[in-house]
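Peer 1: build me a model from this:
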Amino acid sequence: MKSASAEPVVVPAEQNQAYETQAVDGRKVLRNTYMLLSMTLIFSAAAAGLSMAFNWPHPGIILTLVGYFGLLFLVEKTKNSAMGIVSVFALTGFMGLTLGPIVSMYAKLPGGTDMIAMALGTTGLIFLTMSGWVLSTGKDLSGMGKTLMVGILVAFALSIGNLFLGLPMISLAVSAMFIMLMSGLIAYQTSAIIHGGETNYISATVTLYVAIYNLFLSLLQILGVMGSDD
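Peer 2: Next comes the predicted model:
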């Protein structure tokens, strides 16, 4: 009696070509995303430095949210044109200007410079770790999308609500939530790029920038509380 054996699976040439095309496109989107992200981070840091140098006050939560969502809408509308690049720099520059007064406030605290440096270093480490993990394993995290979205909406709602309550414990809890959520968002977006779920490098850049921005602020807030004498 002839023993059963596993037959080799032959992948059609067209399917192989599709996989290769997706991989090439993913690498191209990733390369363009990282290039634009680097430039926007530098531009945003320069805007924050300008805000700090002139000691400009923070515009307030309402103006910040209106400016952020307005510019985010502009990016979404122009992301498929050259104007999309201008929109991205407008958004990240604006966010940098709002970041400057916050960083200045922490810099005036005892050990504030060290806290800022630690928050920056930890943000960079988390970004490299999450991105590197996805790139090295090729993990498909498309199933995380809805969970991340719900988590971000809950954390955002809690942070807005706590503006009126002013409870330190809720503030810390929200910061911890954002650290986990933004770390997950970095991994999710990187996975979406390499697996073809995100093909627009402008959209990908904005998502990663927002994740890094919120990650840095959340780390800074936790470090600020930990370093407080209160």
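Peer 1: where does the chain have low pLDDT?
Peer 2: 1-24, 227-230 (pLDDT under 70).
Peer 1: show me what the longest helix seen in the chain is packed up against.
Peer 2: Across the chain, the longest stretch assigned as helix under DSSP state H is helix 13-53. Helix 13-53 sits against helix 83-107, helix 168-194, helix 201-226, with contacts defined as 3 or more Cβ pairs under 8 Å, 6 or more residues apart in numbering; DSSP states H and E. Where C-beta positions appear, they are placed from N, C-alpha and C, glycine not excepted.
Peer 1: now do the buried residues in the second one.
Peer 2: Of the residues in helix 168-194, those scored as buried under the neighbour-count criterion (16 or more other Cβ atoms under 10 Å) are 171, 174-175, 177-179, 181-194.
Peer 1: could you do the shortest one as well?
Peer 2: By neighbour count, and taking 16+ other Cβ under 10 Å as the criterion, the buried residues in helix 83-107 are 84-85, 87-104, 106.
Peer 1: got it, and the last one?
Peer 2: By 16+ other Cβ under 10 Å, the buried positions in helix 201-226 come out as 201-224.
Peer 1: centre of the chain to that helix, how far?
Peer 2: Centroid separation for helix 201-226 versus its chain: 6 Å, with Cα atoms, centre = their mean, to the nearest Å.
Peer 1: give the closest residue to His58 in space, chain neighbours not counted.
Peer 2: Pro101 (4.0 Å; Cβ to Cβ, 6 or more residues apart in numbering).
Peer 1: okay, now Asp114: neighbour count?
Peer 2: 12 (other Cβ atoms under 10 Å).
Peer 1: do the same with the one 5 residues further on
Peer 2: By the measure other Cβ under 10 Å, the count of residues near Ala119 is 22.
Peer 1: check contacts around it.
Peer 2: By Cβ atoms under 8 Å, 6 or more residues apart in numbering, Ala119 lies in contact with 216, 219-220, 223.
Peer 1: tell me which element it is part of?
Peer 2: helix 112-137 (DSSP states H and E).
Peer 1: distance of Leu215 from Glu198?
Peer 2: Distance, Leu215 to Glu198, by Cβ to Cβ, to the nearest Å: 19 Å.
Peer 1: kindly report the same for Thr98.
Peer 2: Here the criterion is Cβ to Cβ. By it, Thr98 lies 26 Å from Glu198.
Peer 1: cool, and Met177?
Peer 2: Met177 sits 24 Å away from Glu198, going by Cβ to Cβ.
Peer 1: repeat that for Leu219.
Peer 2: Separation of Leu219 from Glu198 (Cβ to Cβ): 25 Å.
Peer 1: swap in Pro168?
Peer 2: Here Pro168 is placed at a distance of 37 Å from Glu198 (Cβ to Cβ).
Peer 1: alright, that wraps it up for me.
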